Each structure stands twice: as structure tokens, then as C-alpha cells.
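In: everything below, folded, please.
(chains A, B, C and D)
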2 protein chains.
Amino acid sequence: MVTLADVARHAGVSSSTVSYVLSGKRTISEETRRRVEQAVAELGYHPNARARALAARRSYILALVVPLRADSHEPIMMEIATSVTVAARQYGYDVLLITNDEGPEGVRRVALTGLADGVILMDVGLDDERIPVLRELGTQAALIGLPDDRAGLSCVDHDFAAAGAMCADHLADLGHREIAFVGHTSDTRHDNPTVVGFRERAQERGLRFVHRASEGNYDSTAGTFARIFADRPATTAFVVQNDGAIGPLLNLLRTSGRTVPEDASVVALCPDRVAEQHTPRLTTVSGSYQDLGRVAVEQLLRRLTAVSRGEEPTDEQLLLTPTLTVRESTAPRV
Amino acid sequence: MVTLADVARHAGVSSSTVSYVLSGKRTISEETRRRVEQAVAELGYHPNARARALAARRSYILALVVPLRADSHEPIMMEIATSVTVAARQYGYDVLLITNDEGPEGVRRVALTGLADGVILMDVGLDDERIPVLRELGTQAALIGLPDDRAGLSCVDHDFAAAGAMCADHLADLGHREIAFVGHTSDTRHDNPTVVGFRERAQERGLRFVHRASEGNYDSTAGTFARIFADRPATTAFVVQNDGAIGPLLNLLRTSGRTVPEDASVVALCPDRVAEQHTPRLTTVSGSYQDLGRVAVEQLLRRLTAVSRGEEPTDEQLLLTPTLTVRESTAPRV
DNA sequence: TTGTACGCGTTATCAA
DNA sequence: TTGATAACGCGTACAA
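Out: Take a look at the predicted model:
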């Protein structure tokens, strides 16, 4: 293994000079810089991360805590995880994966042992049990998802309320008056922000709507579908916040003799990738999960640099505005 | 921060004794062990991972290299990543996430800087560009996927050929004679092991079959479906190796007046989670991605312990036998 | 602009 | 069964 001392010897300078050339924390004469860089190249020197971490008292590692059984969320989780990793690398950080089967202790462990400099929490619930640990240890963190008590924390999430409102607006603009919102049965929250945003905007625009749930499979969606038309036969548009219900819904519309978008418009709240897979390709309101990961990394790194300067880190709460992408599944009401 | 020296002082022993109590690498008298453990508890000592890594010359971190744009593979990737992490934790290791946008250099970086003790490569291709780096640096690794040249490497993968054969056997046992295999257009390999395994067993059992591809959306699958029945009107069973084509296929069967499984049997090569979502619930031949991750971790750790003992690590190539789960989509041919 | 020297918190060797 | 103590390789305050 080639060490800093080896490079120093080879270049005829002290090892601290080599260190400073590499870190750029000191002004170095052009001549010695050249010599050092050449020695680095000739010897094939690679700084030892372990020694650096010990001496610098930071590991340049961020811990990413992912939920273990994210059920249907899994593709999204991977997308966030990779975007976090890519973003972190651009700032010279690496990412350690922590699964939630360690529970809140996972956070405690990486913070206490100094494995990670900070923590990114995915899939943060309203009352997340990992948050007390952050407060107790003073661990720097960025959360993806908005907990109830955000004091002292930086968080980022999609602006679900805006997404709901955008669905209402788009369909209202197209002249629809009777809309069905198809959610997921596993969403037990009465104050699902998407629904709230949708409802408020729908009321402002004078729309009638029903909110129904599906389990995300064919049978359940068929039942939901039947009930919607039993209750509201004049329904001409659907908003779907349930990836598994999309395929069944489209098929039910088809088999019931309704053409999309001529007879019924469909707006999906799902990743674009999913929307492109269906026939017709679906109009969506969607947020970027990559942005979510990137923003979380940047929030956390801002906190870390603040702390390293002896400043107080500033709490940031950011809601990312989603995008309406009009594809083939929405059209003016006839 | 509480250090080993603090604990030693508090317990009235030397710091090396504390270290040995914690690592268990030395026999310690009951009395001192008790004193040390009490001091650890009273002071709330947590060993510093960075110092440990430097002194022990191992980081107790494994690097997991995931493909960046895994397209449809993404849910699977997350499942493997979490199972790798959980398994690694059980052996006292953590997992660092490396995305393939760093390319082969990512492997070089973590190995050369000593960030990780070993590497797990996901989604390994037949001729993977990361493999030469492993060889060049002598980095210990475990691969998920089987490359062509496996010399000096430990690998694990599903036994796809066995999976294909099991599909053929199951349908042959049920009396089917004409079978359609629906694959994915993105699979350009002529020697797709699943197809090979299926074909060979099908021939042994005297089955007729066609192999067709779909892009995994409704339109493409509809075209494939039409062609299959144009070519082979007597087809009574399908094997699907294309998650996106499953929903469309079931709907096409339904709308064309064929009931599953009475008129047509369907065997899916997909995760059980996906199979359970469809109506009817699908008979599958599937392998466990969790096992894949766990086995890779164990292979890598065996190599690492061998090396630390000065022994030569043994190469292991393991194919995991998949499982046939009979659900509601297959029945005897009528 | 450069060098010296100490510290980071463990592990592990060598003695006792 | 236990204790000193020398690495481990780098960062940085202090000195020159």
C-alpha cells in the first residue's frame, strides 16, 4: 500500500505538504504541486479512507435508512436510493444502507460509532420513531417525508396537496363535472394530503366527486368500479392514486364499452414510467423521486458544513411541486 | 465521546484489556470482564468505527454495486439490496451502496481506498466490465449473476434453466401439448437459459411450443397474442417471462372468451408478490431474491475470512433451485 | 510557502 | 490472565 509518506519521500517534500496539495487547504507553489502530483501518479497513490476518517473525524459517509417492507413502494425506494447515492458522490460522500429492521437503533448505531456523518431517513411517517433518536443524539439528518413535529429538522417531500389540486384543475379545465377518486385501501389517513388538495380545488371549481378505495388488484377494483357507477352514473373522469388499480380500471372501462379518453378521462398519480406502459398512455401528475433524493442530500450536507463551521444548521422544509404531463388518457368532456 | 481509555480508567484496567473483553479474542477472568462490562454500561461507551477500521485494517463494510438504470428490474434490485444489508448485519458488516454510474471505477475506488473489505456485484452480465478490475486488484467479491469467465470468482444466481424445465413439466403433467412462451423483446439473447431449459424439457416431453416476445405493454402484448393464435390455434397454455405482459395477457384471454384456467393455463416466471396481485392468482416458478442476497454475502464473507487466515479463498458457483407454486391459473387440459 | 510533530481511538505484538 | 506500547495513515495546529 502506498502511503502519504511514500509520496512525500518520492517528491522530496514533507507528508503534510502532500496532504495539503491533495486537500487544497493551503496555497502551494506551482513547482511543488507539480512534483507532488507526479509522485502521486507514478506511485499510484490512493488516500486511505479509514485513516482519513479517523484523523478528520468525519467518515464522508451518509447513512440512508430505508424501510424494510415497503410493499408497493419498492421501485420508488430504489430510485430514491440511487439518486441519493449519485448526488452524495458528487459531493465526495458515500452512502451506507441501513434497513429499518434495525429499527431506531440503526440510527443510533451509525451515529454513535461514527460510521456516518449524517443520516437520511426515507419514508418518514407523521410520528416516526427514529426522530427521537436524532434529537437525543443531535445527529444531523434530512428526512424524506414530513413528520408532524418538524422542529430542528430538515425535510423534503412531494407537494401532494398541489398534485391533488392540479388533477382537479386539469379535469375541470376539460369540462368534467363528475369525478371519481380511486385511492388505496391501505391509505387509512383521513387527511391524505392529495385527497385534501383535490377536494378543496374540486369544491372551488364546482366539481362533484366521490372518493373510493381499491386494494390494487383486479377483483377489488372491479367492485370499486361498479360502486362508482352505481352511485354516480354521470361520472366522466377518474383520478387514480393506486398503481395496481390502473390496469384493472382501464380494462373495466374498455370492457364496459367506454373508450378512454372519449368517454372517460383518467389522470394517474404515478411515476411516468408506469404511465407510459399503459394503453392509452396516461396523463399524470407526478413528482420526481430523483429530485427528492438529491434535495435531501443537499439539505443534509448544508447542515453538516454549518456544523463544521461551528454555526447553527438551518432547518429547511421543502415541498417539491409536481408536474402535469398530458398524455392520451384525458380529453374534453363530450 | 467516550473512548476505550476512558472505560479502562473507569474499570481500573488497561485499555488493551478492555479491547480484548469486547472482541473476545482473549480469555478474560470473570471478575475483570464484569468490571469492564459495567464500566462500558455506566459510561455508555460505543467503539469508534473509524479507529477500529484503521487499526484492524478492515472496515467491516461491504460495497454493493447496483445497476443505475435497471428499468423493470428495480423492485427486484431493492429486494436484493435489503436482503444483502440484513444478512451482512448479522455478521457484523455494513453495506455501502455504489451505483454503476461510477462504472468499474467505483469498484476500484472502494477497494483502493480501503473503504470496503469486499464487493458484491449485482446484475452481472456475461462479459462484465467490472470483473477485470476485481482481478487486477485482487479484490474479494461475490457476484449475483454468472459471467462467462468465472475463474477465481464466487457467483450465485437463480437456476433459470431449471425454472424453464419446471414450467414445461408442470404443463406437460397437466396434459397440455401446445404451449406459447411469452418473453421480453429486450431479451436479445438467443441462449436465454430459461428458454433453453424450457425447450429441452418440452422436447423431452413431446410438447409443441412457440417463443414470442412482447414489450410488456398492452398494445405489444395484443399483437403477440394475435400472432400466437394465428400460428397455433390449438395453444392451451402460456409461460410468461415478462411482468408487464401478464396483465394484458390475462385481459386478452378474458376478452377473447377464454377462461383461465379452464380454457387456458398460465404459468408466470415472476415474483410471488406480482402473481398474487392478478386475478386469477397465478401459478409461478420463482426464485427467492432474498436468498440470492444472503448467499452472496455468505460467499463473500467466507472469502474474506479465508484471506484473513492466510488461506486461499475457494470459488463457489451456486445456482439456486426455484420453486413451483401452483395457484389458480393452471389446470388440466380439458 | 513549507516542515514538524502530535493526535485521532483502536488493534495486536511482545512482555510479564 | 493482564499490561505497555507500537503501529495504523492521515489531518492540522504551530512553528519556521
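
In: which strand or helix spans A:Val266?
Out: strand A:265-268 (DSSP states H and E).

In: scratch that, A:Thr221
Out: Short version, using DSSP H and E: A:Thr221 is in helix A:218-231.

In: and the strands in chain A?
Out: For chain A, strands defined by DSSP state E occupy the ranges A:61-66, A:94-99, A:118-121, A:141-144, A:154-158, A:178-184, A:208-214, A:237-240, A:265-268, A:283-286, A:317-320, A:323-325.

In: which one of the ones you listed lies closest to DNA strand C?
Out: strand A:61-66 (16.1 Å; C-beta to the nearest atom of the strand). For glycine as for every other residue, the C-beta is placed from the backbone atoms N, C-alpha and C.

In: can the closest one be found next to DNA strand D?
Out: No - using C-beta under 7 Å from any atom of the strand, strand A:61-66 never reaches DNA strand D; the gap is at least 14.3 Å.

In: can you give me the buried ones in the helix holding A:Thr221?
Out: By neighbour count, with 16 or more other C-beta atoms under 10 Å in any protein chain shown as the criterion, the buried positions of helix A:218-231 are A:Tyr218, A:Ser220, A:Thr221, A:Ala222, A:Thr224, A:Phe225, A:Ile228.

In: now stretch A:28-37
Out: Buried residues in stretch A:28-37 (16+ other C-beta under 10 Å): A:Ile28, A:Thr32, A:Arg33, A:Arg35, A:Val36.

In: check contacts around A:Asp263.
Out: Contact analysis of A:Asp263 by C-beta atoms under 8 Å, 6 or more residues apart in numbering or on different chains lists A:Thr236, A:Leu253, A:Gly257, A:Val334.

In: quick check on it: phi, psi?
Out: A:Asp263 adopts backbone torsions of phi -100, psi -20, taken as degrees, to the nearest 10.

In: and it, how far is that from DNA strand D?
Out: According to C-beta to the nearest atom of the strand, to the nearest Å, A:Asp263 and DNA strand D sit 66 Å apart.

In: one more: A:Val196?
Out: Computed as C-beta to the nearest atom of the strand, the A:Val196 to DNA strand D distance reads 48 Å.

In: OK, contacts around that residue?
Out: By C-beta under 8 Å, 6+ apart, the contact set of A:Val196 is A:Ala161, A:Gly164.

In: quick one: pLDDT of it?
Out: Note on A:Val196: pLDDT of 96.

In: neighbours of A:Gly44, just the number please.
Out: By the criterion of other C-beta atoms under 10 Å in any protein chain shown, A:Gly44 has 8 neighbours.

In: my read: it touches A:Val2, true?
Out: Yes - counting by C-beta atoms under 8 Å, A:Gly44 touches A:Val2, with 6.1 Å between them.

In: what average pLDDT does stretch A:132-141 get?
Out: On average, stretch A:132-141 scores 96.

In: check whether it contacts chain B.
Out: No - using C-beta under 8 Å from any C-beta of the partner chain, stretch A:132-141 stays clear of chain B, with a minimum separation of 10.5 Å.

In: quickly list the domain ranges of chain A.
Out: With domains defined by automatic domain parsing, chain A comprises A:4-47, A:58-157+A:290-321, A:160-287.

In: where does chain A come near DNA strand D, residue by residue?
Out: Of all the residues in chain A, those lying near DNA strand D are A:1, A:3-5, A:15-16, A:19-20, A:22-23, A:25, A:45, A:47-48, A:51-52, A:54-56, going by C-beta under 7 Å from any atom of the strand.

In: now with 6 Å?
Out: A:1, A:3-4, A:16, A:19-20, A:23, A:25, A:47-48, A:51-52, A:54-56 (C-beta under 6 Å from any atom of the strand).

In: now, the most widely separated pair of the buried residues of stretch A:28-37?
Out: Greatest spatial distance in these: A:Ile28 and A:Arg35, 10.0 Å, computed using C-beta to C-beta.

In: for the residue most central in space within chain A, give me the pLDDT.
Out: Nearest residue to the geometric centre of chain A (C-alpha atoms, centre = their mean): A:Leu292, 3.6 Å. At A:Leu292, the model reports a pLDDT of 97.

In: over to A:Val334?
Out: 85.

In: what number of residues lie near the closest residue to it other than its chain neighbours?
Out: The shortest distance from A:Val334 to any non-neighbouring residue, by C-beta to C-beta, 6 or more residues apart in numbering or on different chains, is to A:Glu262 (6.7 Å). Per other C-beta under 10 Å, the neighbour tally for A:Glu262 reads 11.

In: wait, A:Glu262 sits on A:Pro332?
Out: No - A:Glu262 is not in contact with A:Pro332 according to C-beta under 8 Å; the separation is 9.8 Å.

In: returning to that earlier point: can you put the buried residues of stretch A:28-37 in a markdown table and add distance to B:Thr284 and pLDDT?
Out: Formatted as a markdown table, the buried residues of stretch A:28-37 follow (distance: C-beta to C-beta, whole Å; pLDDT from 0 to 100):
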| residue | distance to B:Thr284 | pLDDT |
| --- | --- | --- |
| A:Ile28 | 63 | 95 |
| A:Thr32 | 65 | 96 |
| A:Arg33 | 61 | 96 |
| A:Arg35 | 64 | 96 |
| A:Val36 | 60 | 97 |
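
In: let me know whether the longest helix anywhere in chain A sits next to chain B.
Out: Ranked by residue count under DSSP state H, the longest helix found in chain A is helix A:289-308. No - under the criterion of C-beta under 8 Å from any C-beta, chain B is not reached by helix A:289-308; the shortest gap measures 10.9 Å.

In: distance from the chain centre to that helix, please.
Out: Relative to its chain's centre, helix A:289-308 lies at 12 Å (C-alpha atoms, centre = their mean, to the nearest Å).

In: in stretch A:251-263, what counts as buried?
Out: A:Asn251, A:Leu252, A:Leu253, A:Arg258, A:Val260, A:Pro261.

In: what is the burial count for A:Arg208?
Out: Number of residues near A:Arg208 (other C-beta under 10 Å) recorded here: 14.

In: where does it land on pLDDT?
Out: 96.

In: verify the stated contact: A:Leu126 with A:Arg150.
Out: No - between A:Leu126 and A:Arg150 there is no contact under C-beta under 8 Å: 10.6 Å.

In: ok, those two, which is more surrounded?
Out: A:Arg150 (15 against 11).

In: show me what the nearest residue to the more buried one once chain neighbours are set aside is bridged to.
Out: Residue nearest to A:Arg150 in three dimensions, not counting chain neighbours: A:Gln317, with 5.9 Å by C-beta to C-beta, 6+ apart. Assessed by DSSP bridges, A:Gln317 has beta-bridge partners A:Cys155.

In: against A:Gln299, how distant is A:Gln317?
Out: 9 Å (C-beta to C-beta, to the nearest Å).

In: which stretches in the stretch 51-200 of chain A count as helices?
Out: A:74-90, A:104-112, A:131-137, A:160-173, A:193-204 (DSSP state H, counting those that start in this stretch).

In: which strands and helices lie in contact with the longest helix of chain A?
Out: On a contact count with 3 or more C-beta pairs under 8 Å, 6 or more residues apart in numbering or on different chains; DSSP states H and E, helix A:289-308 meets helix A:74-90, strand A:118-121, strand A:141-144, strand A:154-158, strand A:317-320.
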